[in-house]
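Structure for the following, please:
(chains A, B and C)
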Amino acid sequence: MVGKTAERRNREVLVSHLIQAGFLVGLIVIWYLAATRWGVNRLLLPNPVAVYDNLFDILRSGEFIDDLETTLGELAIAFAISVAGGVMLGYLISRSPYWIAVFEPLLAAIYSIPIILFLPLFVLFFGLGPASKIALGASISFFPIVINTIAGFGHVDRLFVTAARSMGASDYHLFRHVLLPAASPMILTGLRMGFTTALLSIIGSETLASLAGLGHRIVHLAEAMEMARMFAYIVFVIAIAVALNAIVSALEARGKRN
Amino acid sequence: MLTRRPWSARLLVIAALLALWEIAARWFVDPLFLSPPSQVIASLDEVFSTRGVPAALQLTLFELTVAFVLAVAIGLVLGLAIGLQPLVRRSFFPIVLLLYGMPQVTILPLFILFFGIGAASKIAFGVTHGVFPVIVTVVAGVQNLKPILLTSARSMGASRWQIFRHVIFPHMVPSFFAGMRLGMSGVLLGVLLAELYVSIAGIGYFTTLFTQNFDPTKLLGLIGVLAAMAIVLNAIVRRAEARFARWRTE
Amino acid sequence: MATAEAAIKVRGVFHQFGEEGDRRFVRALTDTSLDVVRGELLCLIGPSGCGKSTLLNIIGGLMEPSSGTVEVQGQQVCGPLPRDIAFVFQENSLFPWNTVIENVELGMTFQGVAKSERAARAAYALEAVGLKEFAQHYPAQLSGGMRQRAALARALSLETPILLMDEPFGALDEQTRMILGEDLSVLLARSRKTIVFVTHSLGEAVFLADRVAVFSARPGSIKQVIVVDEPHPRKPEFVTSAKFTSLRNELYGLLHDEIRKAVQQ
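Numbers count the residues shown, from 1 in each chain, chains lettered A, B, ... in the order given. Purely as a prediction, here's the structure:
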């Protein structure tokens, strides 16, 4: 048929928003009823009001600060390592199509295995402290960064390089004014992917084997069966993760705009 | 020349890395922390003969298979339900994307509390990781159908069912297989995360055991077997994708 | 042509896209009326955006006009008529996941042809357009010209009395167009179908058509109808004849101002 008129489309958007709101509200209502009226075991499903209270308490008392510091600290160091290593190695490999052909499939193949499998090894090596989380986070987030950096630098049109060289550009000029700007969209994407992966890996490894950090806190509360507080922390961690990812995505978009 | 073809150079690189590992583990690193690959491979039979390891590996493989099948089936049904109706898509696709981007590992302890330490929780956690890429790719496959193909079918008198069966569905199949590939990665991550978390049974018990006993040989052996499992499963799905998405020349 | 039977009757068709005040409001057709005689090939030609494709879609029941009526073979059109009308579109409308012959057979499946008949009709249609050797190929493996032949075969296999063709050769290069145009003329001379053919090309219109309806710029209506009195199948020599040139010039004269108007819109 002809395709929707603007009026029909706007109405559809409005209805869809109503459905979304209704869906979310409905979920919360069901949760509330299940926890209070329908007799679902409080050891499994806490009262949403209790969760809210706990969340408020956590935020007000600043109890979260130590764990947040630990997690963000591990994240920052792991990310810094994987960025430095990944971009550098990616650039070096990209300098020759031959090396790209050699390394790129290798890196892609390794990345396809769930590297979280190696966490026990890192724990064996570094213990239960932050070092093992940093090592795992850096190992996993290294790959999207190096792969995208190789793709970014590797796909720079040879024409640009030739044009710049013909005007007498030095190696440094070439890198700074041709290669880097041309490659930066893909590199930025790789950095964003590396960041989200690092965050996930760090929280994951804290959940599996740690003595501190947000992931560990959730496990600790689960073992103590403090359901309401655990749910509150889950909400908190998800909110932090969403916020961080949103910031990083916005930075990526801004970086790409120029 | 050995290094002329990329694949042979790749083998050389792998061999060089293995050699580096061997040398470092033999002479430079405390054997409590790292074992050389030669020793790991030699001790593989010891790993398999450790009581409970083969059963745990079998169970993990079982969980991976079941989780994958469920994730793909549920993902396909939900993906079609969401992708085919514009209003449903507008309402629920953003919710799907939101859930897809959520750090699911935060609710891992919850899954174990709800479903116990047995296979059910591992399968469930695997499904929640694997289902989202399938939904997203199926929706995309249904969405990017060229309108001219729908118009053409309509002009020839196709019924709604015929349009679904002969136009929308075949068009969506390549995206579906790509989604399956991502779904397998998700299932691998979910199931293995859950397995590693539960340290009193399954694979997690043995990784914890070998770690606490400072036995890097057996630990590396076990990890190696699991990694090999992951590689094989990924390869199977990729093969299936290559075979069934033949007509997509782009 | 009041005595000859009209296979298609278009009466007072107006069509607009969107509502007045919308950003994308467009008046496509205004007070368009037309009779298409049974067995003739009528070309619709006009500047870009004049609504000729829109009119074709309305005639074929793919769109409902804002006002006015269309009658096909005596019945009012209010939806696709797969038994009466087959389309050939400009864009590649073959299903890329099916081979050529599967595509042709699928069209018949949609129309409701019995399974036992499909294979024979498909083979016949592919032979008629010269694609017999390519039946098992996928569309991606064919050139643009061959794909349009396949689309034509699909339309022919439906054995409808009316064929609606929307710039079927528009995406092809000049040489392919020439060949396909000649082949089409031969094909249609045999089949006596009623055809409405939209085109941008003056030469193509004069070569193929019995009558050419010239559209004005948007909002489109029929400015004039020119008769091409030349028997089918048209010979390649027709193109270089004086009659051809004079008709083409007549078309050019009618169209030139409209094209200028359209460009300024």
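
for chain A, which spans come out with low pLDDT?
A:1-6, A:258 (pLDDT under 70).

Chain A contacts on the stretch 1-150 of chain C?
C:17-19, C:22-24, C:62-63 (Cβ under 8 Å from any Cβ of the partner chain). All C-beta spots, glycine's among them, are computed from the backbone N, C-alpha and C.

try it again with 7 Å
Residues of the stretch 1-150 of chain C lying near chain A by Cβ under 7 Å from any Cβ of the partner chain: C:17-19, C:22, C:63.

Of those residues, which pair is most distant in space?
C:22 and C:63 (17.3 Å; Cβ to Cβ).

Report how many residues lie close to the closest residue to residue C:251 other than its chain neighbours.
Of all residues not flanking residue C:251 in the chain, residue C:202 sits nearest, at 4.9 Å (Cβ to Cβ, 6 or more residues apart in numbering or on different chains). Neighbours of residue C:202 under the rule other Cβ atoms under 10 Å in any protein chain shown: 19.

check contacts around residue C:202.
Going by Cβ atoms under 7 Å, 6 or more residues apart in numbering or on different chains, residue C:202 touches C:248, C:251-252.

thinking again about what came up before, sort out for me which of the residues of the stretch 1-150 of chain C next to chain A are in helices.
Using DSSP state H, no member of the residues of the stretch 1-150 of chain C next to chain A sits in helices.

any idea which of those residues is the one closest to chain B?
residue C:63 (10.0 Å; Cβ to the nearest Cβ).

what about that closest one, how many residues close to it?
Residue C:63 has 19 nearby residues by other Cβ under 10 Å.

Tell me the confidence at it?
pLDDT, residue C:63: 89.

Name the nearest residue to it, ignoring sequence neighbours.
The nearest residue in space to residue C:63 (Cβ to Cβ, 6+ apart) is residue C:57, at 4.5 Å.

Torsion angles phi and psi at the one you found?
With angles defined as degrees, to the nearest 10, residue C:57 sits at phi -60, psi -40.

okay but it is in contact with residue C:64, surely?
No. Counting by Cβ atoms under 7 Å, residue C:57 does not reach residue C:64; the two are 9.9 Å apart.

Using the three-state scheme, assign the residue nearest the centre of chain C.
For chain C, the residue sitting closest to the mean C-alpha position, by Cα atoms, centre = their mean, is residue C:165 at 2.0 Å. Under DSSP: H, G, I helix; E, B strand; the rest coil, residue C:165 falls in the strand class.

Make sure it is actually in contact with residue C:86.
No. In this structure, residue C:165 is not within contact of residue C:86 by Cβ under 7 Å, at 9.3 Å.

Name the nearest of the contacts of residue C:202 relative to chain B.
Distance to chain B, by Cβ to the nearest Cβ, is smallest for residue C:251 among those, at 28.6 Å.

related to what we said a few turns ago, residue C:57 and residue C:64: which is more packed in?
Neighbours per residue, other Cβ under 10 Å: of residue C:57 and residue C:64, the larger number sits with residue C:57, 22 against 15.

in chain A, which residue is closest to the centre?
Central residue of chain A (Cα atoms, centre = their mean): residue A:196, at 1.2 Å.

for the helix or strand hosting that one, packing partners?
Element membership for residue A:196 (DSSP states H and E) is helix A:180-208. Applying 3 or more Cβ pairs under 7 Å, 6 or more residues apart in numbering or on different chains; DSSP states H and E, one finds that helix A:180-208 contacts helix A:65-94, helix A:130-154, helix A:214-223, helix A:227-257, helix B:169-197.

what number of residues lie near residue B:62?
14.

Doesn't it lie inside a strand?
No. Counting by three-state DSSP, residue B:62 is not part of a strand but helix.

Could you pull up the residues touching it?
Counting by Cβ under 7 Å, 6+ apart, residue B:62 has contacts residue B:119.

Next: residue A:184.
Contacts of residue A:184 (Cβ under 7 Å, 6+ apart): residue A:255.

so where's chain B uncertain?
Under the criterion pLDDT under 70, the flagged ranges of chain B are B:1-3, B:246-250.

Tell me how many other residues crowd the closest residue to residue B:33 other than its chain neighbours.
Ranked by Cβ to Cβ, 6+ apart and with sequence neighbours excluded, the top spatial neighbour of residue B:33 is residue A:125, at 5.2 Å. When counting by other Cβ under 10 Å, one arrives at 18 neighbours for residue A:125.

quick one: which helix or strand includes residue A:125?
If you go by DSSP H and E, residue A:125 is part of helix A:119-126.

Please name whichever of the helices and strands packed on helix A:180-208 is nearest to chain C.
Across these, closest to chain C is helix B:169-197 (Cβ to the nearest Cβ), at 4.4 Å.

who's in contact with the lowest-mean-pLDDT helix or strand in chain C?
Least confident helix or strand of chain C, by mean pLDDT, DSSP states H and E, is helix C:174-191 with a mean of 87. Contact with helix C:174-191 is made by C:41, C:128, C:145, C:148, C:169, C:195, C:204, C:207-208, C:232-234, C:236, as judged by Cβ under 7 Å, 6+ apart.

Neighbour-wise, which one of the residues you listed leads?
In these, the most neighbours by other Cβ under 10 Å go to residue C:148, 28 neighbours.

Could you measure from it over to residue C:89?
Between residue C:148 and residue C:89 the computed distance is 9 Å (Cβ to Cβ, to the nearest Å).

Filter the contacts of residue C:202 down to the buried ones.
Listed as buried from these are C:248, C:251; burial here means 16 or more other Cβ atoms under 10 Å in any protein chain shown.

Show me which residues of chain A are close to chain B?
A:12-13, A:15-16, A:19-20, A:23, A:44, A:98, A:101-102, A:105-106, A:112-114, A:116-121, A:123-125, A:199-200, A:203-204, A:207-208, A:218-219, A:222, A:234, A:237-238, A:241, A:245.

no wait, the stretch 51-200 of chain C
Checking the stretch 51-200 of chain C against chain B by Cβ under 7 Å from any Cβ, the hits are C:60, C:62, C:80, C:82, C:87, C:89, C:91, C:93, C:95-97, C:106-107, C:110-112, C:138, C:140, C:158.

In the stretch 51-200 of chain C, which residue sits nearest chain A?
residue C:63 (5.7 Å).

Just name the closest of the contacts of helix C:174-191 to residue A:170, please.
Of these, the one sitting nearest to residue A:170 (Cβ to Cβ) turns out to be residue C:145, at 51.9 Å.

which stretch of helix or strand covers that closest one?
Going by DSSP H and E, residue C:145 is part of helix C:144-157.

Any figure for the gap between residue A:120 and residue B:195?
Residue A:120 sits at a distance of 11 Å from residue B:195 (criterion: Cβ to Cβ).

again with residue C:115
From residue C:115 across to residue B:195, the span is 52 Å (Cβ to Cβ).

Which of the two has more residues huddled nearby?
Legend: neighbour count by other Cβ under 10 Å for residue C:115 and residue B:195, higher for residue B:195 (28 against 9).

The more buried one contacts residue B:59, correct?
No. Contact between residue B:195 and residue B:59 fails when scored by Cβ under 7 Å: they sit 8.7 Å apart.

who touches both of the two?
Taking Cβ under 7 Å, 6+ apart as the contact rule, residue B:195 and residue B:59 both touch residue B:202.

SS state for the residue in the stretch 51-200 of chain C that chain B sits nearest to?
Relative to chain B, the nearest point of the stretch 51-200 of chain C is residue C:82 (2.8 Å; Cβ to the nearest Cβ). Residue C:82 falls in the coil class when you classify it by three-state DSSP.
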